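> what would the 3D arrangement of this be:
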Amino acid sequence: MAALRKVLNSIMAVLSGVSFAAMVILVVWQVVTRYILKNPSPWTEELVSYLFAWMALFGASLTVSERGHMNIPVVVDKMSPGMQKTAALFAEAVIFAFSAVVLVWGGFSISKLAMGQMTSALGVPIGVFYFALPVSGILNMIFAVVNIYDISKGNISVLPPDENAAVFENLEQFEELGKKKKGE
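I've put the predicted structure just below:
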């Protein structure tokens, strides 16, 4: 399961990075055509907005993969280890159900409905761009299943990653560096 997670994360990171790079290039091109060439490119703004949506949904799937979604540690910390595991499994089941119903089923439905509409500047069916919803939903479902498997087998912590731990670790390293400079 770790190999599947790693491969999918790598693919999504590359796709997100390529989308971001394309957005930067397109925005620069839009500025050049508008202010230097005095003939604005009509399609770049539209394409950038669709690329942004795809990039955001890939980022959301990466967040599901890393279990970085919102949580309430005050509540979870007070639970017994068994309840923490149950809560973690329940959270992943909710993510799976939401992704299946809203993103996959709803996304396919809206994509199908929008296939008859064309974008104004690109002339592409809008449903093609809405297809990002079911793609993201399927990825979320895969990651939810992988997370459920890993939590059940004890391969990953039942607690979500602690963002504060990294901050405190960096703060301690920063303080140690300061002490070394002062000669303490």
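> which stretches of the protein have low pLDDT?
Scanning the chain for pLDDT under 70 picks out 160-175, 177-178, 181-184.
> how about the helices in it?
2-31, 44-65, 73-77, 81-98, 106-114, 126-130, 132-153, 163-182 (DSSP state H).
> in the longest one, what's buried?
Just to be clear, that refers to helix 2-31. Neighbour counts over helix 2-31 (16 or more other CB atoms under 10 Å) mark 5, 8-9, 12, 16, 19, 23, 26, 30 as buried. (Each C-beta comes from the backbone N, C-alpha and C, glycine too.)
> need these in JSON lines (columns: distance to Ala60).
Shown next, in JSON lines, are those (distance: CB to CB, whole Å):
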{"residue": "Arg5", "distance to Ala60": "16"}
{"residue": "Leu8", "distance to Ala60": "13"}
{"residue": "Asn9", "distance to Ala60": "13"}
{"residue": "Met12", "distance to Ala60": "10"}
{"residue": "Ser16", "distance to Ala60": "10"}
{"residue": "Ser19", "distance to Ala60": "13"}
{"residue": "Met23", "distance to Ala60": "17"}
{"residue": "Leu26", "distance to Ala60": "22"}
{"residue": "Gln30", "distance to Ala60": "26"}
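> ok, back up a step: the helices of the chain: which one's closest to Lys38?
helix 2-31 (12.0 Å; CB to CB).
> report the distance from the closest one to the chain centre.
11 Å (CA atoms, centre = their mean, to the nearest Å).
> which strands and helices sit next to it?
helix 44-65, helix 132-153 (3 or more CB pairs under 8 Å, 6 or more residues apart in numbering; DSSP states H and E).
> of all these, which one is nearest Ala91?
helix 132-153 (8.8 Å).
> any idea of the angle that closest one forms with helix 44-65?
10 degrees (axes from the mean of the first three to the mean of the last three CA atoms, to 10 degrees).
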